[in-house]
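**Q** kindly generate the corresponding structure for this input.
(4 chains)
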Number of protein chains: 2
Amino acid sequence: MIPANEQNPVSPADLDFWSFVALANRKLATEYGFAHQLATQVLITLNRASDLVTYDLEASVHRPRGRSWSAFRLLFVIWLAGPMEPSTAARLTGMSRAAVSNLTKTLIGDGLLARTAAERDGRSVTLSLTDAGQAEMVDVFREHNEREFEWADALTEAEQRTLISLLDKLITAERAIEVRGRA
Amino acid sequence: MIPANEQNPVSPADLDFWSFVALANRKLATEYGFAHQLATQVLITLNRASDLVTYDLEASVHRPRGRSWSAFRLLFVIWLAGPMEPSTAARLTGMSRAAVSNLTKTLIGDGLLARTAAERDGRSVTLSLTDAGQAEMVDVFREHNEREFEWADALTEAEQRTLISLLDKLITAERAIEVRGRA
DNA sequence: TCGAAATAGTTAACGCTTTAATCAGTTCTT
DNA sequence: AAGAACTGATTAAAGCGTTAACTATTTCGA
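**A** Prediction:
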């Protein structure tokens, strides 16, 4: 078989994620002259890593219990931060307010959440966990946390802290551009 | 105003992402005795960072052109790796084959992709960029890459390389568990 | 204090993704 | 060479998320 090289590029069918990234890197630089390949590599890898982990956790822990990834995230913040208004939940989870509203409907139907009128503002409501919701979170998080550990354990504790601080720096930096977030 | 402390916890409405993570950390450890908080912190941060970046790029670069994030990813791999079968595109983008099939339909309708019968296998097809697709990618990637740079520029080049290698290590590690991926 | 503007939540319409089922073509086994 | 098992792509049905419009309430300013 003829070895792949510049003149005989490897067939796309033989590429995996990392060899594709390498190929993309080379072509973006040499054929098109784009300047910021390292940035591309950072964001592509970030995206891929997050997708892999999220899909795995959802598929192995939450779907089997009939729960979606988003439902888990919503219950998670209310579980730990306590009763709150939908807009706060949206901010802490990164969802839109509409998504919270829709999720809330099903979670109330499943008996995990309760919605009560807000104290000070007649427009608003307070979301809180029911006893069943509380119990479910304690139970499901045991499994969730074990699997999180399986993932994170690939890195040393020091590496994990480094990763967190680099991601922190990435998302909290002051920027010339205005970052677009959900309405 | 009474300062927040253990006895007078801050109201959820006042939490931002990082103070929530800190609070979650504390409660998971002290109230519930979960062992792997650092893992939780790594994965929560990874997820949040990826969501922020992806949403921003989609909202500022791709939606205004009438294109979705996924459509961009699909065109991107075909642009750089060349014509390929749908299953290869699914593997490289991390989408399901059904998602590729659906996206392909609209992108062909928009004149950016072409679908031709595969050479060797009568069941398969080959997806390739049209001239218009090629031109659009060169054009849109200019903008995309500039904005990627704005994000990544928060880190030094060394930090970016560290981040990539930590994420690489995270997703390519051998594990006891079997990681769940898309069908 | 009264009307306008702003804000909280929900609803509606639409698009995208997922899993499961289906169709078509290939490969393996005998 | 024929049938069974397999593989690739597509389609169907269902679920979920998004933006935009809408309703109700509150706040601000003349």
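**Q** pLDDT below threshold where in chain A?
**A** Chain A contains residues with pLDDT under 70 at A:1-9, A:183.
**Q** give me the neighbour count for whichever residue of it sits closest to DNA strand C.
**A** Taking CB to the nearest atom of the strand, DNA strand C has its nearest neighbour within chain A at residue A:87, 2.8 Å off. The C-beta positions use only the backbone N, C-alpha and C, and glycine is treated the same way. Residue A:87 is flanked by 12 other residues according to other CB atoms under 10 Å in any protein chain shown.
**Q** next one: residue A:13
**A** Residue A:13 has 12 neighbours, counted by other CB under 10 Å.
**Q** would you say it is within a strand?
**A** No - assigned with DSSP: H, G, I helix; E, B strand; the rest coil, residue A:13 falls outside any strand and is helix.
**Q** who's in contact with the nearest residue to it once chain neighbours are set aside?
**A** Excluding its sequence neighbours, the residue lying closest to residue A:13 (CB to CB, 6 or more residues apart in numbering or on different chains) is residue B:88, at 5.0 Å. Listed by CB atoms under 8 Å, 6 or more residues apart in numbering or on different chains, the contact partners of residue B:88 are A:12, A:13, A:15.
**Q** what's the closest of the residues you listed to residue A:147?
**A** residue A:15 (28.7 Å; CB to CB).
**Q** gap between residue A:31 and chain B?
**A** Shown here: residue A:31 relative to chain B, a distance of 9 Å by CB to the nearest CB, to the nearest Å.
**Q** again, but for residue A:87
**A** From residue A:87 to chain B the distance is 8 Å (CB to the nearest CB).
**Q** that residue reaches residue A:98, doesn't it?
**A** No - Residue A:87 is beyond contact range of residue A:98, at 11.2 Å (criterion: CB atoms under 8 Å).
**Q** what residues are up against residue A:130?
**A** A:111, A:112, A:113, A:114.
**Q** just checking, residue A:78 touches residue A:112?
**A** No - counting by CB under 8 Å, residue A:78 sits too far from residue A:112 to count as a contact (9.5 Å).
**Q** any common contacting residues for those two?
**A** By CB under 8 Å, 6+ apart, the residues touching both residue A:78 and residue A:112 are A:129, A:133.
**Q** okay, the two: which has more neighbours?
**A** Higher neighbour count among residue A:78 and residue A:112: residue A:78, with 27 against 24, using other CB under 10 Å.
**Q** the more buried one falls within a helix, correct?
**A** Yes - assessed by three-state DSSP, residue A:78 belongs to a helix.
**Q** that one and residue A:141, how far apart?
**A** 13 Å (CB to CB, to the nearest Å).
**Q** for residue A:53, same thing?
**A** Note on residue A:53: its distance to residue A:141, by CB to CB, is 16 Å.
**Q** picking up where we left off before, which of the helices or strands spans the residue nearest to residue A:13?
**A** Assigned by DSSP states H and E, residue B:88 belongs to helix B:86-93.
**Q** from the contact counts, what lies against the next helix or strand after that helix?
**A** Using DSSP H and E, the helix or strand that follows helix B:86-93 in sequence is helix B:97-109. Using 3 or more CB pairs under 8 Å, 6 or more residues apart in numbering or on different chains; DSSP states H and E, the elements in contact with helix B:97-109 are helix B:69-81, helix B:86-93, strand B:113-117.
**Q** pretty sure residue A:48 contacts residue A:20?
**A** No - with contact defined as CB under 8 Å, residue A:48 does not reach residue A:20; the gap is 10.3 Å.
**Q** out of the contacts of residue A:130, which end up buried?
**A** Among the contacts of residue A:130, those scoring as buried are A:112, A:113, A:114 (criterion: 16 or more other CB atoms under 10 Å in any protein chain shown).
**Q** run through who's touching the helix or strand containing residue A:134.
**A** Here residue A:134 sits within helix A:131-152, counting by DSSP H and E. With contact meaning CB under 8 Å, 6+ apart, helix A:131-152 is reached by A:53, A:56-57, A:60-62, A:65, A:67, A:72, A:75-76, A:78-79, A:107, A:111-113, A:129, A:160, B:28, B:32, B:34-36, B:38-40, B:42-43, B:170, B:175-177.
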